[in-house]
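Participant: fold the following for me, if possible:
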Amino acid sequence: MKTINVKEKLSLIHDLWKPKVIAELNGQQVKISKVKGEFVWHDHKDEDELFFILKGTMIMEFRDKKAEVGPGELIVVPKGVEHRPIAKEEVWMMLFEPQNIKHSGDVISDLTVDKYEKI
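Facilitator: Residues are numbered from 1 along each chain as shown. Next up is the predicted model:
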């Protein structure tokens, strides 16, 4: 049991779209990430995802609508829902996801992370 300074951990991140694990609990991982630009369209067939925005504004794009998520706000993407995060400016976020989630679902791209680094 120790205190985790999220701002300090964010200062260690230099790559965009590469989430880092900062904590684990009950089969879930708490990750932080810096993002800018567009991610790939993907879904997670068996897992929900929670995105909590710490800095900046992200657009969560769905096939039929878009949701704007700003600092201090979160969005849960239900399992099986195709989505694509977009950030016009750099966004800092925290994610809550099951440990076995695939970063980009079944879609493989240059942005796909196969193994999450712990920091």
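
Participant: list the buried residues for the strand of greatest length in the chain?
Facilitator: Criterion DSSP state E: the longest strand present in the chain is strand 83-98. Within strand 83-98, the residues that qualify as buried are 83, 84, 85, 86, 87, 91, 92, 93, 94, 95, 96, 97, counting by 16 or more other CB atoms under 10 Å. C-betas here are computed from N, CA, C, even on glycine.

Participant: excluding its backbone neighbours, what's nearest the most centrally placed residue in the chain?
Facilitator: Nearest to the mean C-alpha position of the chain, by CA atoms, centre = their mean, lies residue 95 at 4.7 Å. Sequence neighbours aside, residue 31 is the residue nearest to residue 95 in space, at 4.4 Å (criterion: CB to CB, 6 or more residues apart in numbering).

Participant: thought that neighbour was touching residue 20?
Facilitator: Yes. Taking contacts as CB atoms under 8 Å, residue 31 lies within contact range of residue 20: 6.2 Å.

Participant: comparing these two, which residue is more hemmed in?
Facilitator: residue 31 (24 against 20; other CB atoms under 10 Å).

Participant: need phi/psi at that one.
Facilitator: phi -120, psi 150 (degrees, to the nearest 10).

Participant: who touches it in this structure?
Facilitator: Listed by CB atoms under 8 Å, 6 or more residues apart in numbering, the contact set of residue 31 reads 19, 20, 21, 22, 94, 95, 96, 97, 116.

Participant: read off the pLDDT value for it.
Facilitator: Residue 31 is assigned a predicted lDDT (pLDDT) of 97.

Participant: what about the residue nearest to the centre of the chain, distance to residue 64?
Facilitator: Note on residue 95: its distance to residue 64, by CB to CB, to the nearest Å, is 23 Å.

Participant: need the nearest residue in space to residue 6, chain neighbours excluded.
Facilitator: Per CB to CB, 6+ apart, closest to residue 6 is residue 32, 6.4 Å.

Participant: same check on residue 99?
Facilitator: Per CB to CB, 6+ apart, closest to residue 99 is residue 29, 5.3 Å.
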